[in-house]
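S.K.: With the sequence up front, the predicted model follows.
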Amino acid sequence: MKRPERPAAQPAQKPPSRDEQRPVAPIASREPRPPSSPKPKAVRAARTAERVKQRYERAEVRRFTRHSRRRRIGWLTVLAILGMTAALIAVAVFSPILALREIRIEGTTRLDPTVVTEAVSGQLGTPLALLDERRLRDELGQFTGIRSYVTELVPPGTLVIHIVERTPLGVVVTPSGFDVVDAAGVVLETAPVRPDALPLLQVDESGAEGAGFAAMVEVLIALPPDVLAQVESIGARTRDDVTLTLAGSDQRVVWGSATDSDRKADILAALLSRFAAAGPGEYDVSAPGSAVFRR
């Protein structure tokens, strides 16, 4: 009996290596890669810039808020000052605390201060800031002896009036008596008899408006007080023919022009000191360089 044939032995196969056992990945199709993320340095720089920006914005907000607060405080301060000023003005104008309670008159010698005070007392009780200057001027204007005046307010309630009186210069004869006038020709008073110690002014029909009156005034003002006291009368029709008569003697003075009156007054004073007791005569000072006394 035949034994069945065994198949021929196959050569032993070598076991596959690890590389051969590793599955081979299929080859994928290549696609464009997405952009890579920013580098760490760029990220840090961006974050730093963001923080700086936020700090700057917060600083700007604080600065604007501080500026607005200061401006608001400034306006409130100004309004407060204006309010206080308005309140003080209202107190000064309307408050009876600063009302007129006393009137003082200073500088009068010929005028009676009591009479002047009574004339302007109508504004007593009026606040000092509301005193009527025009009314006061009209009330003082009735006194011809007042040449000028200055008012002074002394809180809380005093009005001081400093008066400058007119100075009598001479006497003018009128049908009603003797008018006492000053250098401007203002009549200060009228007396039935001639006042003492004032020279008689011999004026023409022009009166105080004429050139003769102005010349006489210029001469009398230039005379020293001791010489002026000796003048009995003075006359002039023009500026160039002034003459004087002296009291208590038969002496007269030919003055001539009113020009250079100050120098002529000094020369006349020197001549009077020598010839006052020389009897009747005439002093001629019309030419100051050759002034003489003629008996």
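M.R.: Arrived safely. Numbers count the residues shown, from 1 in each chain.

S.K.: Distance check, the nearest residue to residue 259 once chain neighbours are set aside against residue 246.
M.R.: By the measure of CB to CB, 6 or more residues apart in numbering, the closest residue to residue 259 outside its immediate chain neighbours is residue 239, 7.9 Å from it. (Glycine included, C-beta is placed from N, CA and C.) The spacing between residue 239 and residue 246, counted by CB to CB, to the nearest Å, is 22 Å.

S.K.: swap in residue 186?
M.R.: Taking CB to CB as the criterion, residue 186 is separated from residue 246 by 27 Å.

S.K.: what about those two, which has more around it?
M.R.: For residue 186 and residue 246, the more surrounded residue by other CB atoms under 10 Å is residue 246, and the numbers stand at 19 against 16.

S.K.: which residues does the nearest residue to the more buried one once chain neighbours are set aside contact?
M.R.: Nearest-residue entry for residue 246: residue 230, 5.1 Å, with adjacent residues in sequence omitted and distances by CB to CB, 6+ apart. Residue 230 is in contact with 246-248, 272, counting by CB atoms under 8 Å, 6 or more residues apart in numbering.

S.K.: just these now: which is nearest residue 222?
M.R.: residue 272 (14.5 Å; CB to CB).

S.K.: Sort out which residues of the one helix or strand the closest one maps to are buried, please.
M.R.: Taking DSSP states H and E as the definition, residue 272 sits inside helix 261-275. Burial within helix 261-275, assessed by neighbour count using 16 or more other CB atoms under 10 Å, is assigned to 261, 264-265, 268, 271-272, 275.

S.K.: List just the nearest of the contacts of residue 230 to residue 177.
M.R.: Set against residue 177, the nearest of those by CB to CB is residue 247 (20.5 Å).

S.K.: What is the burial count for the closest one?
M.R.: The local packing count at residue 247 equals 12, with neighbours defined by other CB under 10 Å.

S.K.: same deal with residue 117?
M.R.: Applying other CB under 10 Å, we find 15 other residues in the vicinity of residue 117.

S.K.: Does it lie in a helix or a strand, and which?
M.R.: In the assignment (DSSP H and E), residue 117 maps to helix 113-119.

S.K.: So which residues make contact with that helix?
M.R.: 103, 105, 108, 139-140, 142-143, 161, 163.

S.K.: go on, stretch 220-229?
M.R.: Identification of contacts with stretch 220-229 by CB under 8 Å, 6+ apart yields 169-170, 183, 197, 199, 231, 234, 261-262, 264-265, 268-269, 272.

S.K.: Going by residue numbers, what spans are helices in the protein?
M.R.: Taking DSSP state H as the criterion, the chain contains helices spanning 18-21, 40-94, 113-119, 133-141, 211-222, 225-228, 261-275.
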